[in-house]
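Q: here's my sequence, what's the structure:
(chains A and B)
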Amino acid sequence: MAAEHQINAGFMPLFDSAVLVAAKEIGFAAREGVDLTLSRETSWANIRDRIAIGHFDLAHMLGPMPIACNLGLTPLASDTIVPFSLGLGGNCVTVSNRLWAGMAAHGALPDLNPARAGKALGALIRERANAGRDPLRFAVVHPHSGHNYELRYWLAACGIDPSREIEIVIVPPPFMADALAAGRIDGYCAGEPWNSASVVAGTGHIATVKATIWKTSPEKVVGVRKAWAEKHPEALSALLRALHHAARWCQDPANRGELAALMAQPAFLGLSPALQMPILTGHLALGGGAERTVEDFFLPFDKAANFPWKSHALWFYTQMVRWGHVAHTPENLAIARDCYRPDLYRSALKPLGVALPGANSKVEGALASATPVGSAGASLVLGPDGFFDGQTFDPDEVDAYIAGQMARAEA
Amino acid sequence: MIRKSLTVLVIDENHIRASIIEAGLREAGHEQVTIVHDVAGIARRIAEIEPDVIVIDLENPNRDMLENMFQLSRVVKRPIAMFVDRSDQASIEAAVEAGVSAYVVDGLRQERVKPILDMAISRFNAFSRMARELEEARSELEDRKLIDRAKGILMRSRGLSEDAAYTLLRKTAMNQNRKISEIAQSLVTAAGLLDPGES
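A: Next up is the predicted model:
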C-alpha cells in the first residue's frame, strides 16, 4: 500500500537527529502512513535554504534557528514553526589539554561543576590579559544556537564577558576536534559525539556540560515550513505521532545498542558505535582518565522532552536580545512566542492518550527535583530543571529578566 | 561611463569546478577573480581582496562560519549579505539546485550581480553533467570488463563459444529481469567462491 503522506526532511549529522532517523529506519513513520525521505546536509544554512525553496517540508534544526528565521535575522528566511522538540541536553564544553591544565592550576576539577570550572577559567583569562596575551578563542556551531547561548550564559554567570574577554567563532561540529587539536581554537561547545571525539583522540577535556549548566534544557527541534504545515495538517499530525513513538524507542535503554549501530552508519554519522554510547548512557570520559555519569545528560523522550514549551522559545529570545542579535520589542517577543506550537503537538498526540502537559509555558529553573505535574492523560514527571547559578526564568516576566541580565552586564 | 569591473571571490574545494567558473567569469569580462579552495585564513583573504561578490558551493560545510563572518567580522569592512532577489524565486531555486550560492557587498545593484550568479549556476550544472557522464563512462567500462570475465568463465567451464556465452548471459538477465552486468557479477563472484584461483 502506498503511503498516504510524502514528507521530505533534512538533517545534520548529529546524534540528536536520532528521533527522525529512528522514525524512518525503525518503521514508525511507515506505520503512521508517512513516507519520510531524509536528506543529510552539510550546513545549517543549506537546511534553511532548502526549507525556504520547498526542497524540505521540515528539518532537524537548532532550537533558536526557527525563531531567528521568523525574526528576519537570516537571509532566505521563511516562516517556520516548531511543533516538536527532538530532545533535551546533549552538549558539552570541551577545552584543549593546555587550557585544561591552566584551569586546573586555578582550581578546576574534573567534576563538570560549571561554577568551579567557570571560576577557574575566569582567573586564567584575567591572568592572560594581565600578561598581554591574546584572548582565548572558543567555537560554537552557529550564532543562533543553544550552544552559543548556553556557553555565553555559563561564562557571564561566572563573571566572564563572552563578548569582550574571549573570542567566539563558528566551526562546523565535525571539524571541532581537529580545530582543537591543531590549536586553532582553545575550546568549544558542541553536541555529542563531537566532544567524546576529542577525549578519545586525547586532545581535549570536557570541562562542563549543558545538562549541568541548565538541567533538562532545550536543544534541537523539528522546524516546519509554516505554509506546508497549514496545507498538510494531517501529514504533520501523522509525522508527530511517528516521532513520538520513535522518541520513546530512542529513550528505552533496551534499544541503545541498536540505536548506536543505526546512527553509526555512514548515511548518518559515520562514526563507531562506541562513540555513540556516552550520549546514550550519560557516562562520559572527561579526558585524563576521569569519568563521570551525568543524570539526564540527553533526553530524547523523558521529562516531556518533545513538548515545544513556549518558555523555551522565550528564553532563547531573551538571549538573542541579551547578546545583541535582536531588539526587544513587543512585536519581536510575540514572533518568538508564536514560533513554538504546543497546540499542534497536543492535537496530534491527543488520540494516543499519552501524558500531555496542561500548560504551554513553565517557569524555567523552578523545579529542584523530579516532580510529577498535572497533565492530561497519564502521569508526567518534569525536572529537575535548575540553572547552575540558581536563577529562574519566568516567561511572564520577560522584561524583568532581560533588564536584570543587562544590568548585571553593566555592573 | 566606464564602470569598475566587479571583484569576484570563488570559494570551492573542488579545484576543477573552480577553474571552470573562473574561466567563465574571465570570458564574461571579469578580470578580478580570485579562487580559494581552503577556508583556512579566509578572513584575511577577504580583507585583502575586498570582493564585491563571493560565490560558494553548497557542499562546503563552512557556510555557517562564513555567513557569520560576513555579518560580524571586523576584518570585513563592508557588510556582505546573501544574494536574494525576492522578485526572482526561480533564480534562487536554480542556484540551490545547482549547488551554489552568492553573497554580495551591501549596496551593490542586483542587476550587476545577476549575470554572475547565472553564469555560476550554468557552470555548476555543466560540471555536474560532466561528472555524471564521466561516472557513467567509468561504470560502463567496468561493466564491459565484468561481462568479458563472465564470458571467459562460461567459455572455459561449459565449452561455449564467445557468442554463445554472451547469449546465455543475456537470456538469463532477461529471464530474471536484471542487468547483464549484474548476472556477470554474480557469476564472477560465484566462480571466485568455488575456485579461489579464478578470482
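Q: count of neighbours near A:Phe56?
A: 27 (other C-beta atoms under 10 Å in any protein chain shown). Yep, even glycine has a C-beta here, placed from its N, CA and C like the rest.
Q: how close does it get to B:Lys4?
A: Going from A:Phe56 to B:Lys4 by C-beta to C-beta, to the nearest Å gives 40 Å.
Q: same deal with B:Arg156?
A: 72 Å.
Q: same check on A:Cys158?
A: Using C-beta to C-beta, we find A:Cys158 at a distance of 50 Å from B:Lys4.
Q: A:Tyr340 is in contact with A:Phe310, correct?
A: Rather than Phe, residue A:310 is Lys. Yes - assessed by C-beta atoms under 8 Å, A:Lys310 is found in contact with A:Tyr340 at 5.2 Å.
Q: rewinding a little: who's more crowded, B:Arg156 and B:Lys4?
A: With neighbours defined as other C-beta under 10 Å, B:Arg156 and B:Lys4 compare such that B:Arg156 has more, 12 against 7.
Q: for the residue of chain A found nearest chain B, which non-adjacent residue is spatially closest?
A: Chain B sits closest to A:Pro75 of chain A, with a gap of 3.5 Å, by C-beta to the nearest C-beta. Excluding the flanking residues, the one nearest A:Pro75 by C-beta to C-beta, 6 or more residues apart in numbering or on different chains is B:Met82, at 3.5 Å.
Q: quick check: bridge partners of that neighbour?
A: Following DSSP bridges, B:Met82 is listed with bridge partners B:Tyr103.
Q: so which bits of the longest helix along chain A are buried?
A: Counting by DSSP state H, the longest helix found in chain A is helix A:233-251. Going by neighbour count (16 or more other C-beta atoms under 10 Å in any protein chain shown), the buried part of helix A:233-251 is A:235-251.
Q: what of stretch A:22-33?
A: A:22-26, A:28-29, A:32-33.
Q: now, those that are in helices?
A: Short answer: those in helices (DSSP H) are A:22-25, A:28-29.
Q: relative to chain A, how far out is the residue nearest to the spatial centre of chain B?
A: Nearest to the mean C-alpha position of chain B, counting by C-alpha atoms, centre = their mean, stands B:Ser128 at 4.2 Å. Computed as C-beta to the nearest C-beta, to the nearest Å, the B:Ser128 to chain A distance reads 16 Å.
Q: pLDDT score for the residue of chain A closest to chain B?
A: The per-residue pLDDT reported for A:Pro75 equals 83.
Q: need the three-state assignment for it.
A: The three-state label given to A:Pro75 by DSSP: H, G, I helix; E, B strand; the rest coil is coil.
Q: isn't it right up against B:Asp85?
A: No - between A:Pro75 and B:Asp85 there is no contact under C-beta under 8 Å: 11.3 Å.
Q: name the residue of chain B that lies nearest to chain A.
A: Taking C-beta to the nearest C-beta, chain B has B:Met82 as its residue nearest chain A, at 3.5 Å.
Q: remind me, longest helix of chain B?
A: Longest helix in chain B, counting by DSSP H: helix B:110-158.
Q: verify the stated contact: B:Pro115 with B:Glu27.
A: No - counting by C-beta under 8 Å, B:Pro115 sits too far from B:Glu27 to count as a contact (11.8 Å).
Q: quick check: what element follows the worst-scoring helix or strand of chain A on mean pLDDT along the chain?
A: In chain A, no helix or strand scores lower on mean pLDDT, DSSP states H and E than strand A:375-376, which sits at a mean of 64. Past strand A:375-376, further along toward the C-terminus, the next helix or strand under DSSP states H and E is strand A:380-382.
Q: and that following strand, which residues are buried?
A: Applying 16+ other C-beta under 10 Å to strand A:380-382 flags A:380, A:382 as buried.
Q: correct me if wrong: A:Glu295 contacts A:Gly282.
A: Yes - using C-beta under 8 Å, A:Glu295 is in contact with A:Gly282, at 6.7 Å.
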